[in-house]
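Visitor: sequence first, then the predicted structure:
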Amino acid sequence: MSERPHRTARWTCTVWFALGLVGSAACLGYDAGIEVVVELRVAPPTARVPMGEGFATLSDARLRMSVVELVVCDDVPEGSAGAVMAALTSVRRAWSSRALAHVTDVSGSARTIDALHTSGTLEGWMLRPMPGRYCALRVHLEPSEDAPSFALVGEADVPFATVLDAPLDVDLPIELVLEAPEDGRTITLDVDPACWLAGGPPSHAELAERLASCL
């Protein structure tokens, strides 16, 4: 008999606490945080692709992007005081953005781009990065069971084929300072086989550098 009032009191406190949390959320509102959209712009397919002083006929031109991510600059101030200031600044930016609950370090599903049969602007990924300073957009190329990471096959004076069946990271230099939701933006990546062939068919060793100058 004596336990019922205590149970009622605990239940009442729980209800008021829950209502208080809901009320606080309503007062704070919803903020999606910083959003960076990555889209893909594919050049119109052509039967003959310019290559240096001549032309090439392509039979395959595609790449498979598994994910993309923003790379944070690693310029931390020297000394313990500088490190503490950098940490405090990071916390302040994170709090002011209110993006912590919606952070996505890397993007979603992979995209396989067939440049011989696709053109126009394609939907890419939505990133929700932490506030901070970013110095690169890293594009991860990765093969699947039925598609290579990259393929560029054709014929000019002689046949050529650059086909990569292994993962490859391509870093695109950028300068982004993201502190608040209004700093969000759209980044466009260009997919253009003519650029891939501008210096002749790329070797595996120079593929990352070639793509970094083209995307």
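Guide: Good, I have the coordinates.
Visitor: show me what residue 36 is bridged to.
Guide: As for beta bridges, residue 36 partners with residue 127, residue 185 under DSSP bridges.
Visitor: if I look at residue 164, how far off is residue 148?
Guide: 6 Å (CB to CB, to the nearest Å). To be clear about C-beta, it is placed using only N, CA and C from the backbone, and glycine gets the same treatment.
Visitor: over to residue 187?
Guide: For residue 187 relative to residue 148 (CB to CB), the value is 25 Å.
Visitor: ditto for residue 190
Guide: Residue 190 is 20 Å from residue 148, by CB to CB.
Visitor: so for those two, which sits in the more crowded spot?
Guide: It is residue 148, of residue 190 and residue 148, that has more neighbours when counted by other CB atoms under 10 Å, with 19 against 11.
Visitor: neighbours of residue 50, just the number please.
Guide: 14.
Visitor: in three-state terms, label residue 195 for me.
Guide: Under DSSP: H, G, I helix; E, B strand; the rest coil, the three-state class of residue 195 is helix.
Visitor: quick check: mean pLDDT of the helix or strand that contains residue 121?
Guide: Element membership of residue 121 [criterion: DSSP states H and E] is strand 120-127. The average of the pLDDT scores along strand 120-127 is 92.
Visitor: residues in contact with that strand?
Guide: With CB atoms under 8 Å, 6 or more residues apart in numbering as the test, strand 120-127 has contacts from 35-42, 67-70, 104, 107-108, 111, 113, 188-189.
Visitor: also stretch 54-65?
Guide: 47-50, 110-116, 139-144, 147-157, 160, 163, 191, 193, 196-197, 211.
Visitor: next one: stretch 135-143
Guide: 38, 63-73, 106, 110, 149-150, 164-176, 187, 189, 211, 215.
Visitor: could you turn the buried ones of those into a ChimeraX selection?
Guide: Entered in ChimeraX, the line below selects the buried ones among the contacts of stretch 135-143, by 16 or more other CB atoms under 10 Å:
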select :38,63,64,65,66,67,68,69,70,71,110,149,150,164,168,170,172,176,187,189,211,215
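Visitor: coming back round to it: out of the contacts of stretch 54-65, which are inside strands?
Guide: Counted as lying in strands by DSSP state E, out of the contacts of stretch 54-65, are 49-50, 111-114, 139-141, 150-155, 160, 163, 191.
Visitor: buried subset of these?
Guide: Buried subset of these (neighbour count, 16+ other CB under 10 Å): 49, 111-114, 139-141, 150-152, 154, 160, 191.
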